[in-house]
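Novice: predicted model and sequence follow; I will ask about them next.
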Amino acid sequence: PKVIWNAFCPKNEIGDVCRDFEEMRVILKQSSEDKIRSDMEEKELIRNISHDLKTPLTAIKGYVEGIQDGIADTPQKQEKYLRTIANKVNDMDKLIDELTIYSKLDTNRVPYSFAKIPIKGYFDDCCDEIGTELDAAGIELNYRNHITEPAIIVADPEQLKRVINNIISNSVKYMAEGRKGKIDIDLYDEGDYIHIVMADNGKGIAGKDISRIFERFYRTDESRNSKQGGSGIGLAIVKKIVEDHKGKIWAESVEGEGTTMHLNFLKYKENEHQN
């Protein structure tokens, strides 16, 4: 009863109880909102996966039936059908790989293998490989190393390559129609950091979207992205890997002109303790 409560509980204790209940209410509300948001993101991911797996599967089924029914009645047509099937299988393989690494990153279960990497040699090799692939796609690659002194970073070579490849793949996916695609990669020594700049001349990103492109499942343009495919987690994976390396990533873009990605990684110094 209220009278008994007042008799045994001083006002300041009642205030403390009220504050505790209010804090508990806020925490529970936040927890509930986080759960709802997490459930929505999970459903969005499932929708994306369903769409992005069904699209190549439908194409594969159609081309296989074309071969079986004799529509591909020349060696040239058969080669074209098989090449398309192989490309679609590769698309599915990339998506599944992306989902696998994402699930590990999201639960902090990636077994990073950190090593001291000479930045010049690593990017020389990486850009040789990327350049060959881009050349086949009719996209020009300009790689410039502005670092004059030997520089080393501590990173997982495989995961760093995943970061680079994901950014390049994104650029290729959203190249502008009607002009030759171009990607520039520049390396700079900025004292304590190595600054990597990766710029394209693609479609660019609207100002309202640029701050959200690293969010999980965020898609800047539903109609464009539904056409292009993708799980919506590629750049989220990039951001997580960079941050796990104690690095920093950000983007700049002009719609219709292109997008630039900036990455900073701490340089390794032999005479300093590395955490």
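Specialist: Everything's here; your move. Numbering: from 1, shown residues only.

Novice: look through this structure and tell me its longest helix.
Specialist: For the chain, the helix with the greatest residue count under DSSP state H is helix 11-68.

Novice: tell me what that helix is packed against?
Specialist: When contacts are defined as 3 or more Cβ pairs under 8 Å, 6 or more residues apart in numbering; DSSP states H and E, helix 11-68 packs onto helix 75-106. All C-beta spots, glycine's among them, are computed from the backbone N, C-alpha and C.

Novice: between the helix it packs on and helix 11-68, how many degrees?
Specialist: Counting by axes from the mean of the first three to the mean of the last three Cα atoms, to 10 degrees, helix 75-106 lies at 160 degrees to helix 11-68.

Novice: now do helix 75-106: which elements does it pack against?
Specialist: The contact analysis (3+ Cβ pairs under 8 Å, 6+ apart) places helix 75-106 against helix 11-68, helix 234-244.

Novice: elements contacting the shortest one?
Specialist: Yep, that's helix 234-244 we're talking about. helix 75-106, helix 157-173, strand 248-254.

Novice: and the angle from the second one to helix 75-106?
Specialist: Angular relation of helix 157-173 and helix 75-106 on a 0 to 180 degree scale: 130 degrees, by the same axes, to 10 degrees.

Novice: orientation of helix 157-173 relative to helix 234-244 in degrees?
Specialist: Interaxial angle, helix 157-173 versus helix 234-244 (the same axes, to 10 degrees): 150 degrees.

Novice: what's the first helix or strand after helix 157-173?
Specialist: Where DSSP states H and E defines the elements, the next helix or strand beyond helix 157-173 is strand 182-190.

Novice: can you give the strand pairings for that next one, parallel or anti for each?
Specialist: Strand 182-190 has the following sheet partners, assigned by DSSP bridges: strand 140-145 (parallel), strand 193-200 (antiparallel).

Novice: tell me the buried residues in that strand?
Specialist: K182, I183, D184, I185, D186, L187, D189 (16 or more other Cβ atoms under 10 Å).

Novice: N201 contacts G256, correct?
Specialist: No: assessed by Cβ atoms under 8 Å, N201 is found out of contact with G256, at 9.9 Å.

Novice: what's the overlap in contacts for those two?
Specialist: Both N201 and G256 are contacted by A176, under the criterion Cβ atoms under 8 Å, 6 or more residues apart in numbering.

Novice: who has more neighbours, the two?
Specialist: Higher neighbour count among N201 and G256: N201, with 20 against 11, using other Cβ atoms under 10 Å.

Novice: and the more buried one, how far from E140?
Specialist: Computed with Cβ to Cβ, to the nearest Å, the distance linking N201 and E140 is 9 Å.

Novice: need the residues touching each of those two.
Specialist: With contacts defined as Cβ under 8 Å, 6+ apart, the residues shared by N201 and E140 are G181, K182.
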